[in-house]
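Visitor: One predicted model, sequence on top.
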Amino acid sequence: MTFEQANQAIHPVTTQWHYDTMIAAGFIPETLEQTGFVRAYKYTKGNHVIWAHTGASADYWRDETTRASGFWGTLKAHVNSIDA
């Protein structure tokens, strides 16, 4: 398989590192699938919006509502602190 072919792989949100954590905290995935190595998935809970990213160098999240962000290991504590 070539690099270009591999970068066309489809990744459902249900198979991603953030999915179980976000669902358990009451968030709803708005992005259901993405393609390629670098991806972003949008989740909402009420008016609260969080993006979970799979990047070339790291997996991280960004909270649009509070402007907080962090690497994958800090996501659970953050979303569990949200009352939205």
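Guide: Arrived safely, thanks for sending. Computed from a predicted model, the values in this text were never measured in an experiment.
Visitor: SS state for residue 22?
Guide: Under the three-state scheme (DSSP: H, G, I helix; E, B strand; the rest coil), residue 22 adopts helix.
Visitor: what does residue 66 give?
Guide: coil.
Visitor: burial count for it?
Guide: Residue 66 is flanked by 13 other residues according to other Cβ atoms under 10 Å. In this view, the C-beta of every residue, glycine as well, is placed from N, C-alpha and C.
Visitor: Could you measure from it over to residue 79?
Guide: 11 Å (Cβ to Cβ, to the nearest Å).
Visitor: Now do the helix or strand containing residue 40: which elements does it pack against?
Guide: When elements are assigned from DSSP states H and E, residue 40 belongs to strand 39-45. Judged by 3 or more Cβ pairs under 8 Å, 6 or more residues apart in numbering; DSSP states H and E, strand 39-45 is in contact with strand 28-29, strand 48-54.
Visitor: Distance of the residue nearest to the spatial centre of the chain relative to residue 67?
Guide: Nearest to the mean C-alpha position of the chain, by Cα atoms, centre = their mean, lies residue 52 at 2.2 Å. Distance from residue 52 to residue 67, counting by Cβ to Cβ: 16 Å.
Visitor: Likewise for residue 61?
Guide: 12 Å.
Visitor: Mind checking which of the two has more residues around it?
Guide: Neighbours were counted for residue 61 and for residue 67 using other Cβ under 10 Å; residue 61 has more, 24 against 7.
Visitor: Run a quick neighbour tally on residue 4.
Guide: Neighbours of residue 4 (other Cβ under 10 Å): 7.
Visitor: So for it, what pLDDT did the model give?
Guide: If you check residue 4, the pLDDT there is 90.
Visitor: Before I go, just wanted to say thanks for your time.
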